[in-house]
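**Student:** the following block contains a protein sequence and its predicted model.
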Amino acid sequence: MLRKPHYLALVLVVLLVLIVFNLPSQTVAKFKLAIGGLFVPLFGLSGSVQKTADRAGNTVLPRSEILRQNEQLRRENDQLKLRAAQTEEVWRENQQLRQNIQWQKQTPGRFKLARVIAHDPANWWRTVQIDAGSRDGIRVNMPVRTMDGLVGRVSAVANTRSQVLLLGDPNLRVGAVIKETGDTGVIFSHSSNALENNMVNLGFLPRNSTLRPGQLIVTSGEGGIFPKGIPIGQLVDSQAAEYGLSVEARVKLFARMSALEDVWVVLQ
Amino acid sequence: MYGWYCNERICYMVEWLHGCIGADAVPCLFTHATMQRFNHSPGRTMNPINHILLILAAFLTVYLQASFDLFRNLFGTQFDLLPALMVYASLTHSILFIGLFALCGGLFYDSLSANPLGISVLPLFLAGMFIYFFRALLLRERIYPQFILGTTASAVVPLLTLLSLFTLNYHPLFGLGTLYQLLVMAAVGGAMTPLIFRILDKVNRNFNYAHLPESSYRPDREIKRGKGLR
């Protein structure tokens, strides 16, 4: 049934795939980013359309509503300015005390706001593309978060966009701690349940941990990628794992993974 | 000639199978007449613009899959229309173009995904090649075979991709939820395939020369009645 052109096509495709698989990983990564770069104009276009639609929506907003929102924002701004001044004072005091007892100085975190432009088209990975890249100072392994909590880490960087591994992806593991008890574990995911993308597992917890639903889970700072203290989620339930040697808990993430729009990349 | 002979043999075999199973019970995807119709199908005369348009469609499909979140938020899984496009390509284009389409579509898909680059190419190509072998026997104009082919391809291609990932020692999310995802993908792919056929056939008609209807009537062969017959 196979004829010469069929053999030719089959051999060509298999050969090309084999060549791509056997290329050095850096070359493949560059090649992948270059192909992905073809989509950048479309992402830019959709961003502009969205902005235009938002502006069009703003024009039909009544003046009284705009004034009310403006007033509310002004009040909020004043409160935040006051709090920022207080924090600045506390920060200075903290640095002074650290210097007195000769502890390592802390540097304040810098953030880069980025917009989520695409999700992974494959259903078996949890990644997104953001519109900030190496020209914005983004590097591989930088943590990504929202105002609510941790989202993931940067896994690949192009000039104008980056790929972010989300919590729930099988390739992402995060050292975490239960704030109340101090028990440490590892956040991971092996659930393929499509409708539960805001749930992850907290595994390798000590057998005698006292776990209660609602306990706060934050990053432990172990591993060197994620800074200490970034909120991750709330404990939902737990069960024994590995024949009772450890405990595994389910954690509901604070960040809404299905509705990610703007994220912050932690630059330092 | 050999290929035609082979196809004819398959066709008779399928008809014999239909006879055994009961043609009324099983809706017929293949007929002998289809093969003859296929040989006169206008879809076979493709120009480069058709090829470019189909690759452009693959590009836009991948873009839509990556940026269109409404479906993902509603059903918890994303649709995949590349297999449906491959069904169209394999029923209307040459085997070399099927290879090119699989290559471009797969690379586009993998470039926006965490998949290793090139992993989606082979499953797409295998699905396309399988359909290509039997395309002479398929009623490509009918909605039912289009739906069946679209559904099957939309389920098989991701399954083969997952299999390739596991073979290459990657660990994607896999479990009972995957079954639900495959079902949704297959249903959407199947439902969209007839629509893709309608749209792309229409586009192709606009970019091809118009198909002249052939008439059996020839004025030079007309028998004129003479005096003796009056």
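**Tutor:** Here it is on my side, so go on.
**Student:** which stretches in chain A count as strands?
**Tutor:** A:111-119, A:127-130, A:143-145, A:150-157, A:162-166, A:174-178, A:184-188, A:199-205, A:216-219, A:231-241, A:246-253, A:262-266 (DSSP state E).
**Student:** and the fifth one, what's its mean pLDDT?
**Tutor:** In this case it means strand A:162-166. Regarding strand A:162-166, the rounded mean pLDDT is 94.
**Student:** can you check the third one too?
**Tutor:** pLDDT averaged over strand A:143-145 equals 94, rounded to a whole number.
**Student:** does any part of that strand sit near chain B?
**Tutor:** No: remark: strand A:143-145 sits outside contact range of chain B, by Cβ under 8 Å from any Cβ of the partner chain, the gap being at least 14.8 Å. For glycine as for every other residue, the C-beta is placed from the backbone atoms N, C-alpha and C.
**Student:** in its sheet, which strands sit next to that strand, and in what direction?
**Tutor:** strand A:150-157 (antiparallel), strand A:262-266 (antiparallel) (DSSP bridges).
**Student:** got a markdown table for those, with mean pLDDT too?
**Tutor:** Formatted as a markdown table, those follow (pLDDT from 0 to 100):
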| stretch | mean pLDDT |
| --- | --- |
| strand A:150-157 | 94 |
| strand A:262-266 | 93 |
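**Student:** which intervals of the stretch 1-150 of chain A have sub-threshold pLDDT?
**Tutor:** A:1-2, A:105-108 (pLDDT under 70).
**Student:** one more pass at 80, please.
**Tutor:** A:1-6, A:57-59, A:61, A:102-109 (pLDDT under 80).
**Student:** now chain B
**Tutor:** B:1-47, B:139-140, B:207-230.
**Student:** on that earlier part again, B:Pro48: which of the strands of chain A is closest?
**Tutor:** strand A:111-119 (29.6 Å; Cβ to Cβ).
**Student:** any buried residues in that closest one, and which?
**Tutor:** Applying a neighbour-count criterion of 16 or more other Cβ atoms under 10 Å in any protein chain shown, one finds A:112, A:114, A:116-119 buried in strand A:111-119.
**Student:** chain B next: which of those residues are close?
**Tutor:** A:117-119.
**Student:** tell me the secondary structure for the spatially most central residue of chain B?
**Tutor:** With distances taken as Cα atoms, centre = their mean, the residue of chain B nearest its centroid is B:Val87 (1.7 Å). Classification of B:Val87 using DSSP: H, G, I helix; E, B strand; the rest coil returns helix.
**Student:** skipping adjacent residues, who's closest to it in space?
**Tutor:** Spatial nearest neighbour of B:Val87, excluding adjacent residues (Cβ to Cβ, 6 or more residues apart in numbering or on different chains): B:Leu149 at 4.7 Å.
**Student:** so which elements touch whichever helix or strand that neighbour is part of?
**Tutor:** In this structure, B:Leu149 is located in helix B:143-167 according to DSSP states H and E. If you count contacts as 3 or more Cβ pairs under 8 Å, 6 or more residues apart in numbering or on different chains; DSSP states H and E, helix B:143-167 packs onto helix B:82-92, helix B:121-134, helix B:176-207.
**Student:** the second one vs chain A: in contact?
**Tutor:** Yes: under the criterion of Cβ under 8 Å from any Cβ, helix B:121-134 makes contact with chain A via B:121-122, B:125, B:129, B:133.
**Student:** so which of the residues you listed is the most crowded?
**Tutor:** B:Phe125 (29 neighbours; other Cβ atoms under 10 Å in any protein chain shown).
**Student:** just give me the neighbour total for B:Val156.
**Tutor:** 17.
**Student:** any idea how far B:Ala114 is from it?
**Tutor:** 21 Å (Cβ to Cβ, to the nearest Å).
**Student:** convert stretch A:58-71 to PDB, retaining C-alpha atoms only.
**Tutor:** Extracted C-alpha coordinates of stretch A:58-71, given in PDB (Å, rounded to 0.1, in the frame of the first residue of the first chain):
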ATOM      1  CA  ASN A  58     -15.000  53.900  29.800                       C
ATOM      2  CA  THR A  59     -16.600  56.400  27.400                       C
ATOM      3  CA  VAL A  60     -20.100  55.100  28.200                       C
ATOM      4  CA  LEU A  61     -19.500  55.200  32.000                       C
ATOM      5  CA  PRO A  62     -21.600  58.000  33.600                       C
ATOM      6  CA  ARG A  63     -19.700  61.000  34.900                       C
ATOM      7  CA  SER A  64     -21.100  60.500  38.500                       C
ATOM      8  CA  GLU A  65     -19.700  57.000  38.600                       C
ATOM      9  CA  ILE A  66     -16.300  58.100  37.400                       C
ATOM     10  CA  LEU A  67     -16.300  60.800  40.100                       C
ATOM     11  CA  ARG A  68     -17.300  58.300  42.800                       C
ATOM     12  CA  GLN A  69     -14.500  55.900  41.700                       C
ATOM     13  CA  ASN A  70     -12.000  58.800  41.600                       C
ATOM     14  CA  GLU A  71     -12.900  59.800  45.200                       C
END
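**Student:** per-domain residue ranges of chain A.
**Tutor:** A:4-38, A:112-268 (automatic domain parsing).
**Student:** about what we covered before: from the ones next to chain B among the buried residues of strand A:111-119, which is closest to chain B?
**Tutor:** A:Ala118 (3.8 Å; Cβ to the nearest Cβ).
**Student:** list the buried ones in the helix ranked longest in chain A?
**Tutor:** Ranked by residue count under DSSP state H, the longest helix found in chain A is helix A:63-100. Of the residues in helix A:63-100, none count as buried by neighbour count, 16+ other Cβ under 10 Å.
**Student:** before we move on, what about stretch A:39-48?
**Tutor:** A:39-40, A:42-43.
**Student:** what's next to it, contact-wise?
**Tutor:** A:115, A:117-118, A:129, A:131, A:160-161, B:62-63, B:66-67, B:111-112 (Cβ atoms under 8 Å, 6 or more residues apart in numbering or on different chains).
**Student:** ok now it, how far from the chain's centre?
**Tutor:** Here stretch A:39-48 is found 21 Å from its chain centre; the criterion is Cα atoms, centre = their mean, to the nearest Å.
**Student:** same question for stretch B:151-168.
**Tutor:** In terms of Cα atoms, centre = their mean, the centre of stretch B:151-168 is found 17 Å from the chain centre.
**Student:** other residues contacting it?
**Tutor:** Against stretch B:151-168 from outside (Cβ under 8 Å, 6+ apart): A:21, A:122-124, B:80, B:82-84, B:86-87, B:115-116, B:119-120, B:122-124, B:126-127, B:131, B:172, B:174, B:178, B:181-183, B:185-190, B:193.
**Student:** and the buried ones among those residues, selectable in ChimeraX?
**Tutor:** Restricted to buried positions by 16+ other Cβ under 10 Å, the ChimeraX selection for the contacts of stretch B:151-168 reads:
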select /A:122,123,124 /B:80,82,83,84,86,87,115,116,119,120,122,123,124,126,127,131,172,174,178,181,182,185,186,187,188,189,190,193
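**Student:** among the strands paired with strand A:143-145, which is the most enclosed?
**Tutor:** strand A:150-157 (a mean of 23; mean count of other Cβ atoms under 10 Å in any protein chain shown).
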